[in-house]
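Chemist: Predicted model and sequence follow; I will ask about them next.
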Amino acid sequence: MLEVKNLNVAIGDKQILNDLNLAVAPGEVAAIMGPNGSGKSTLAYVIAGKEEYEVLSGEVLLNGENVLDLTPDERAAKGLFLAFQYPVEIPGVATMTFLKTALNAQRRQRGEEELPIPEFMKRVKQAAERLDIKPDMLKRALNVGFSGGEKKRMDILQMALLEPSFAILDETDSGLDIDAVRIVAEGVNALRSPTRGFLIITHYPRLLEHIVPDTVHVMAGGRIVRSGGKELAAELEKSGYREYAGESEELV
Amino acid sequence: MTAQIIPSRTAAETALTEAFASAKAGLPGNRAVARMRDEAFAAFARAGLPHRRIESWHYTDLRALMREALPIAPHPTPQALDALRKEIAGLPAQSLVIVDGVFAPELSGALPAGVKVTSLGAALGRPQVTESLAAVWADAEDAIVDLNAALMQDGVVIEIAPGTKIAEPIHLVYATVAAKPSARFSRSLVRIGAGASVRLNEMSFGQGGRTGQTNNAVILEVGDEAEVGHTLALTDTQPGSVRLETFMVKLGARAKFDSFALITGGGLVRRQIFKLFDGPDANGMLRGVCLLRGREHADTTLFVRHAATGCQGRQTFRYILDEESTGVFQGKIIVARGAQKTDGKMLAKALLLSDQATMNSRPELEIFADDVLCGHGATCGGLNADQLFYLRTRGLTHSEAESLLLEAFANELVDDIGHEGLVKAYRAEVAAWLAARVAP
């Protein structure tokens, strides 16, 4: 369960999120759509704990607990996951090593035992097969030399292994061809569960044909300006974001 | 009236002069060698310890940094060698041990057929050896090399017969038994015959908290079409120590040479490499990782001379500098007239983990041929914030994320060593350095 309450965020002198309110229930898949510059990625980064943003006021509650004072890793250990618009390349770190390090780091933070290696290998193999990730990719340095689609699939693989209670997907479809979007969407759909919430950030309705959301929110000028069901995405496909452009200019 | 400037001798320079005068009668070699020592010492005495006005020593002012010259280590006693024998029981096979500058065959392991090993002292009478030792080309005119030539106590001469192929490394192990802080001077010559394939690993053993001053030189001649892997670990130099390492490599036609060095810590480390592409179409790689903290200072200075056509040279060095440490990288690639189709590249990257750390990078190119591909680069900065954030969103704490990135930065070069056992050993050294790091 994610609740964002009256969130105001600035970077430098510029306010980007304005009194933003949003609630996503357990099991709910919520989509946030909006034009470029509306603050969608900022919202994702602030929830995940990126340091360069200044939270002026408001709260972000994850399963009832305000996470704004927690570090990014503490938030991750509490069950938050962010799939990046541009997953970062980490030269020199073998993907498999990274996956094991991340999984065990979270388990340690939660006071759990490290996962035995055979069990870890089994889980990676299963998730990789589902996402069409070749074993060879797991031996290479994380995301280095991966195509856009491979990087996104690697992020979804991490999500599958880390089993978050809430996942944010930031423009996961950007730069992907239709087949890649389908594979990524299938990976996400496989992880839908009554206890796991999703926030899907996108500005193309296309992704939402593959990951069908329960709710759709339109973001403009740093706040949610309209909310509705999945039909809202189809409506935006026809009308575009023009009618919200005024709000962007006024507030940003 | 003309004024003559006579630089005043530092205490260290005076001590070295006295040390040479009292030691020279006991140093190995015939009269020709003694003459060579005299000439070398005279050259050193004229120049004195290198200082910042000597271009290649600009960032490592040895004259100012080396306050005293320690006495030359006494010849190790049989008792000391016996005690050391127990300590070194765990060394890998094919280890050649140099104790306080002197080769100890009784502590050294057997080597396969095709490898001949003698002590430098015993080999010095042979004209061919004297010639090889003296044939230090012009780039290597350096006071520290002169000092080594004058005072070399001993070392090994390794001769590999043409065509010999040895998969496992030959280890050159530098050990110390002297009870008091002392100085050691060794010079070794490794001659690799045409078409041979070997691996040489240099490492230290048993510094055991002792400070000291080391001036080692290794001369490596790689025959035509030979393949040589070389690794060097300078990982247990103690604070307050001075470690001067000279490495001269001459590559024959179509030779393949790959060298990696790891420097962690120590007081003052200066490593100078003179690499000469002597025959056409050779391939020579130099890589290095330097991990420093405290007030450590480590300098890697390269002179790479392309004297033949069609050679490929790669120089890749990485530094991680913490606290108040200082890193120095100087690399000069010289492409001689006529050395067409040279492909030479050099890259130094430094990660500074503290505001007080300093990196001095100076890459240089001198090109006298017109059909070449040469380039160099140097970067200096902190850890990448996007990478850190990405890792932290995956659950790694700040210090775990930093460690992972630092380890990766170093191990990218370690992993290219090309020998599983050595990769493991060098990775372990990197991990040990990181584990001892005090997270900010």
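Modeler: Perfect, I can see it now. The model shown is predicted, which means the values in this text are computed figures rather than measured ones.
Chemist: List the residues that contact A:Gln15.
Modeler: Contacts for A:Gln15 (C-beta atoms under 8 Å, 6 or more residues apart in numbering or on different chains) come out as A:Asn8, A:Val9, A:Leu56, A:Gly222. C-beta coordinates here come from the backbone N, C-alpha and C atoms, glycine included.
Chemist: Assign the first one to helix, strand or coil.
Modeler: What it means is A:Asn8. At A:Asn8 the chain is in strand, as set by DSSP: H, G, I helix; E, B strand; the rest coil.
Chemist: how far away is it from chain B?
Modeler: Separation of A:Asn8 from chain B (C-beta to the nearest C-beta, to the nearest Å) stands at 22 Å.
Chemist: burial measure for A:Tyr241, as a count.
Modeler: Counted with other C-beta atoms under 10 Å in any protein chain shown, residues neighbouring A:Tyr241 total 18.
Chemist: Test my guess that it contacts A:Lys40.
Modeler: No - using C-beta atoms under 8 Å, A:Tyr241 and A:Lys40 do not qualify as a contacting pair, with a distance of 11.5 Å.
Chemist: Quick check: neighbours shared by those two?
Modeler: A:Gly34, A:His203.
Chemist: helix or strand for residue 168, which one?
Modeler: As the question left the chain open, I've gone with chain A. strand A:166-170 (DSSP states H and E).
Chemist: Point out the residues in the stretch 51-200 of chain A that sit beside chain B.
Modeler: Within reach of chain B by C-beta under 8 Å from any C-beta of the partner chain, the stretch 51-200 of chain A has these residues: A:51, A:71-73, A:75-77, A:80-82, A:84, A:87-88, A:90-93, A:98, A:101-103, A:105-106, A:109, A:141, A:158, A:162.
Chemist: can we see that at 6 Å?
Modeler: A:Pro72, A:Asp73, A:Ala76, A:Ala77, A:Leu82, A:Val88, A:Ile90, A:Gly92, A:Val93, A:Ala102, A:Ala105, A:Gln106 (C-beta under 6 Å from any C-beta of the partner chain).
Chemist: Just the closest residue of chain B to chain A, please.
Modeler: Using C-beta to the nearest C-beta, the closest approach of chain B to chain A is made by B:Ala408 at 2.9 Å.
Chemist: Phi, psi for that residue please.
Modeler: As for B:Ala408, its main-chain torsions (degrees, to the nearest 10) stand at phi -60, psi -40.
Chemist: tally of neighbours for it?
Modeler: 21.
Chemist: Check B:Glu429 too.
Modeler: 19.
Chemist: Pull the contacting residues for it.
Modeler: By C-beta atoms under 6 Å, 6 or more residues apart in numbering or on different chains, B:Glu429 lies in contact with B:Thr235, B:Leu262.
Chemist: Wait, a helix at it?
Modeler: Yes - assigned with three-state DSSP, B:Glu429 falls within a helix.
Chemist: Now for the residue nearest to A:Gly187 when sequence neighbours are not counted: which residues touch it?
Modeler: With sequence-adjacent residues excluded and distances taken as C-beta to C-beta, 6 or more residues apart in numbering or on different chains, A:Gly187 is closest to A:Ile156, at 4.0 Å. Residues in contact with A:Ile156 (C-beta under 6 Å, 6+ apart) are A:Leu131, A:Val184, A:Gly187.
Chemist: could you say what helices and strands the helix or strand following the strand holding A:Ile168 packs with?
Modeler: The element immediately downstream of strand A:166-170 (helix or strand, assigned by DSSP H and E) is helix A:178-191. Under the contact definition 3 or more C-beta pairs under 6 Å, 6 or more residues apart in numbering or on different chains; DSSP states H and E, helix A:178-191 sits against helix A:148-162.
Chemist: Kindly export the helix it packs on (C-alpha atoms) in PDB.
Modeler: Extracted C-alpha coordinates of helix A:148-162, given in PDB (Å, rounded to 0.1, in the frame of the first residue of the first chain):
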ATOM      1  CA  GLY A 148      17.500  -1.200 -24.200                       C
ATOM      2  CA  GLY A 149      15.200  -4.200 -24.000                       C
ATOM      3  CA  GLU A 150      17.700  -6.300 -22.300                       C
ATOM      4  CA  LYS A 151      18.300  -3.700 -19.600                       C
ATOM      5  CA  LYS A 152      14.600  -3.400 -18.900                       C
ATOM      6  CA  ARG A 153      14.200  -7.200 -18.700                       C
ATOM      7  CA  MET A 154      17.100  -7.200 -16.300                       C
ATOM      8  CA  ASP A 155      15.300  -4.700 -14.100                       C
ATOM      9  CA  ILE A 156      12.200  -6.900 -14.100                       C
ATOM     10  CA  LEU A 157      14.300  -9.900 -13.300                       C
ATOM     11  CA  GLN A 158      15.600  -8.000 -10.200                       C
ATOM     12  CA  MET A 159      12.000  -7.200  -9.300                       C
ATOM     13  CA  ALA A 160      11.000 -10.900  -9.500                       C
ATOM     14  CA  LEU A 161      13.900 -11.900  -7.300                       C
ATOM     15  CA  LEU A 162      13.500  -9.100  -4.700                       C
END
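Chemist: Next, the angle strand A:166-170 makes with it.
Modeler: 170 degrees (axes from the mean of the first three to the mean of the last three C-alpha atoms, to 10 degrees).
Chemist: In helix A:148-162, which residues are buried?
Modeler: By 16 or more other C-beta atoms under 10 Å in any protein chain shown, the buried positions in helix A:148-162 come out as A:149-162.
Chemist: cool, and stretch B:195-210?
Modeler: Those buried within stretch B:195-210 under the rule 16+ other C-beta under 10 Å are B:195-207, B:210.
Chemist: follow-up on the earlier one: can you name the residues in contact with the strand holding A:Ile168?
Modeler: With contact meaning C-beta under 6 Å, 6+ apart, strand A:166-170 is reached by A:2, A:41, A:44, A:80-83, A:85, A:159, A:197-201.
Chemist: Then stretch A:54-68?
Modeler: Counting by C-beta under 6 Å, 6+ apart, A:1-10, A:47, A:75, A:78, A:80 sit against stretch A:54-68.
Chemist: That one: end-to-end distance?
Modeler: The first residue of stretch A:54-68 is 11 Å away from its last residue (C-alpha to C-alpha, to the nearest Å).
Chemist: roughly how far is it from the heart of the chain?
Modeler: Distance of stretch A:54-68 from the chain centroid (C-alpha atoms, centre = their mean, to the nearest Å) equals 17 Å.
Chemist: With stretch A:193-203 instead?
Modeler: Mean-position distance between stretch A:193-203 and its chain equals 8 Å (C-alpha atoms, centre = their mean).
Chemist: Go ahead and produce CSV holding the CA coordinates of that stretch.
Modeler: Only the C-alpha atoms of stretch A:193-203 are listed here, as CSV (Å, rounded to 0.1, in the frame of the first residue of the first chain):
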residue,chain,number,x,y,z
SER,A,193,-0.6,-10.4,-6.7
PRO,A,194,-3.3,-9.4,-4.2
THR,A,195,-0.6,-8.1,-1.9
ARG,A,196,1.6,-6.3,-4.3
GLY,A,197,0.9,-2.8,-5.6
PHE,A,198,2.3,-1.2,-8.8
LEU,A,199,2.7,2.3,-10.0
ILE,A,200,3.3,2.3,-13.8
ILE,A,201,4.6,5.6,-15.1
THR,A,202,4.3,6.1,-18.8
HIS,A,203,3.3,8.7,-21.3
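Chemist: and that stretch, average pLDDT?
Modeler: Across stretch A:193-203, pLDDT averages out at 94.
Chemist: Check stretch B:148-164 too.
Modeler: The model assigns stretch B:148-164 a mean pLDDT of 96.
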